[in-house]
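# Give me a model of this one.
(one chain, ligands or ions: 1)
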Amino acid sequence: MPIYEMHCRACGRDFETLARITEETIPCVHCQSADTYKHISSTHFRHADHWMRNMMGAMHKSQERDQLKKEMEKAVS
Ligand SMILES: [Zn+2]
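Predicted coordinates:
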């Protein structure tokens, strides 16, 4: 199942979601707003480092996600 990178316009935060390929709106995990959109590839090119990690680090994706989650929890606490 693909992982989508989402951005929330309401609170301005990013999150990842597991989802089917669908046009259905995915609510923000932070504020439950429906005003979200999937990051598109051009965004990934602008954020080359993040994009590279997505492409090259697929094998370590679950570890990376755990680490990102920890960092996010640290940032908000
Ligand atoms: Zn939000």
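
# how about the helices in this structure?
41-46, 48-56, 61-76 (DSSP state H).

# Going by mean pLDDT, which of the ones you listed comes out lowest?
With a mean of 47, helix 41-46 has the lowest mean pLDDT of the helices of the chain.

# what does the protein have sitting close to the ion?
8, 10-11, 28, 30-31, 33 (CB under 5 Å from the ion). In short, each C-beta sits where N, CA and C put it, glycine included.

# any chance of those residues in TSV, with pLDDT and neighbour count too?
As requested, the residues of the chain next to the ion are exported to TSV (pLDDT from 0 to 100; neighbours: other CB atoms under 10 Å):
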residue	pLDDT	neighbour count
Cys8	94	21
Ala10	96	14
Cys11	97	15
Cys28	93	22
His30	95	15
Cys31	97	13
Ser33	95	14
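
# Which members of those occur in strands, if any?
Cys8 (DSSP state E).

# Out of the residues of the chain next to the ion, which is nearest to Asp66?
If you rank the residues of the chain next to the ion by distance to Asp66 using CB to CB, His30 comes first, at 18.2 Å.

# burial of Arg9, as a residue count?
By the criterion of other CB atoms under 10 Å, Arg9 has 11 neighbours.

# With Gly57 as the reference, measure out to it.
27 Å (CB to CB, to the nearest Å).

# Likewise for Ser33?
29 Å.

# just Cys8 next, same as before
Counting by CB to CB, the gap from Cys8 to Gly57 is 24 Å.

# what does Leu68 give?
On the measure of CB to CB, Leu68 and Gly57 end up 11 Å apart.

# who has more neighbours, the two?
With neighbours defined as other CB under 10 Å, Leu68 and Gly57 compare such that Leu68 has more, 14 against 11.

# Next, count neighbours for the closest residue to Arg9 other than its chain neighbours.
Nearest non-adjacent residue to Arg9, counting by CB to CB, 6 or more residues apart in numbering: Asp35, 4.4 Å away. As a burial measure, Asp35 scores 13 neighbours (other CB under 10 Å).
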